[in-house]
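Visitor: kindly return the folded structure for what I paste below:
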Amino acid sequence: MTSDFRKRDATTAALIIGLAAVYIVVGNVGLLQHIGAGPTRLLWPPTGVSLAALLIFGGRVLPGITLGSFLVNLVGLGRPPLVALAVALGMTLGMWCGYRLLRHARFRLELDRMKDLAALVVYGALVATLISTTIAIGAQVLAGIEQPGNFWLRVLLSWISSAMGVLVVTPFLLVLRRVHVPRDLRPLRVLEATAMLAGAVLVMLVATRTTTELLFLVFPFLIWAALRFQLAGATTAILVVSTMAVIGAVNGSGPFEGQDVYSNLITIQAFDGSTALTALVLAVTTTERNLAHDDVEQAATQLASVVSQLDRSLRPRPVPLARNHSEHADGEHRVVRERVEGSGAGPG
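Guide: Numbering: from 1, shown residues only. Okay, the predicted model is just below:
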């Protein structure tokens, strides 16, 4: 029993350290993608990683979120220790609230129902991130890092950035945990997936290098990914497209060239949000429809089997021909014998 507890404790400690390390890595990546001189980030991936870790491993990994967020704020952003701790605790509380709300809503990690997607958007992308960003900006205002007059604007910008992290990263990680290569994978299927991703990348390369508004041309590839490959294709395409769009905005190239900071913020976050929601809704509805179709087929097969069994049990059993002939001959002999006996019993 003691060895089991030690093994479980060692596993939990490894998960906490691993989550903190991943948080630091993606946090530093997130720190690279900002525009202008302000601290605003276009997409904050640590929120998506944190929520996915809680959904997959449970509340035991909460200290990993606190530790990772504290170190990113302390070292990466150079904030005072108390402010870094307050921001880390705010992040932990927000992610914990989102996790508990999703558990209460009976959220399924397979993300194969529209109610699961709606719960992830509302509780994960909106409620959880609003709690964490409000506490984080509030701590910075109290410490004098942010001006009180900018409080609500900073909360709004950070909230959208964190929400985009959940929409883009969390579904991808939930799908990645259960992805596997089927044994009967057809080469044409691989070729189609490659063509889909290559087309999306090519469109984004062109769209982020020309001043002409061409970002909308990627939507057919997102629809293709969602309809043909469901969540596996949609989440991968969302991650690739959003990453390339953020890189284009950070570099100020293509449609982001010459625009002011807030125009670029609105453009990139509206684009990331619309692409993520479009692909996810299509993927989940397609998955839900396929599962319903499979259930109908299974029910029809079971019903046909039951009807066949009932038909066999209710159908009268055929009587063999030799038995019928024998019974008929016995009946004739009996009639003749009765007549003979009847005639012999008359007056003599």
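Visitor: give me the residues contacting stretch 218-237.
Guide: Under the criterion CB atoms under 8 Å, 6 or more residues apart in numbering, residues 111-112, 171-172, 175-176, 179, 192-193, 196-197, 199-200, 203-204, 207, 238, 241, 275, 278-280, 282-284, 286-287, 290 lie in contact with stretch 218-237. Using the backbone N, CA and C atoms, a C-beta is placed for each residue, glycine as well.
Visitor: just stretch 87-102 next, same as before
Guide: Looking at what lies outside stretch 87-102 - CB under 8 Å, 6+ apart - the contacts are 46-47, 50-51, 54-55, 59, 62, 65-67, 69-70, 73, 79, 119-120, 123-124, 127-136, 138-140.
Visitor: list the buried residues for it?
Guide: Within stretch 87-102, the residues that qualify as buried are 87-99, 101-102, counting by 16 or more other CB atoms under 10 Å.
Visitor: and stretch 20-27, by the same measure?
Guide: By neighbour count, and taking 16+ other CB under 10 Å as the criterion, the buried residues in stretch 20-27 are 20, 22-24, 26-27.
Visitor: which pair in those residues spans the largest distance?
Guide: For these, with distances taken as CB to CB, the pair at the greatest spread is 20 and 26 (11.3 Å).
Visitor: mind checking the SS state of the residue nearest in space to the middle of the chain?
Guide: The residue at the geometric middle of the chain, judged as the C-alpha nearest the mean C-alpha position with CA atoms, centre = their mean, is residue 171 (3.7 Å). Applying DSSP: H, G, I helix; E, B strand; the rest coil to residue 171 yields a three-state assignment of helix.
Visitor: mind checking how far it is from residue 145?
Guide: 33 Å (CB to CB, to the nearest Å).
Visitor: same check, this time on residue 241
Guide: Taking CB to CB as the measure, residue 241 falls 33 Å from residue 145.
Visitor: more neighbours: which of these two?
Guide: Set side by side, residue 241 and residue 145 show more neighbours around residue 241, with 28 against 14, by other CB atoms under 10 Å.
Visitor: low-confidence ranges, the chain, go.
Guide: Screening the chain residue by residue with the criterion pLDDT under 70, one finds the ranges 1-5, 35-40, 311, 315-348.
Visitor: residue boundaries of the helices in it?
Guide: Per DSSP state H, the chain carries helices over the ranges 2-32, 45-57, 62-71, 81-104, 114-119, 129-142, 151-176, 187-207, 219-251, 261-314, 321-344.
Visitor: distance to residue 213 added to those, as a markdown table?
Guide: A markdown table is the format used below for the helices of the chain (distance: least, CB to CB, whole Å):
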| stretch | distance to residue 213 |
| --- | --- |
| helix 2-32 | 26 |
| helix 45-57 | 26 |
| helix 62-71 | 37 |
| helix 81-104 | 34 |
| helix 114-119 | 28 |
| helix 129-142 | 29 |
| helix 151-176 | 20 |
| helix 187-207 | 8 |
| helix 219-251 | 12 |
| helix 261-314 | 9 |
| helix 321-344 | 86 |
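Visitor: no more questions from me, cheers.
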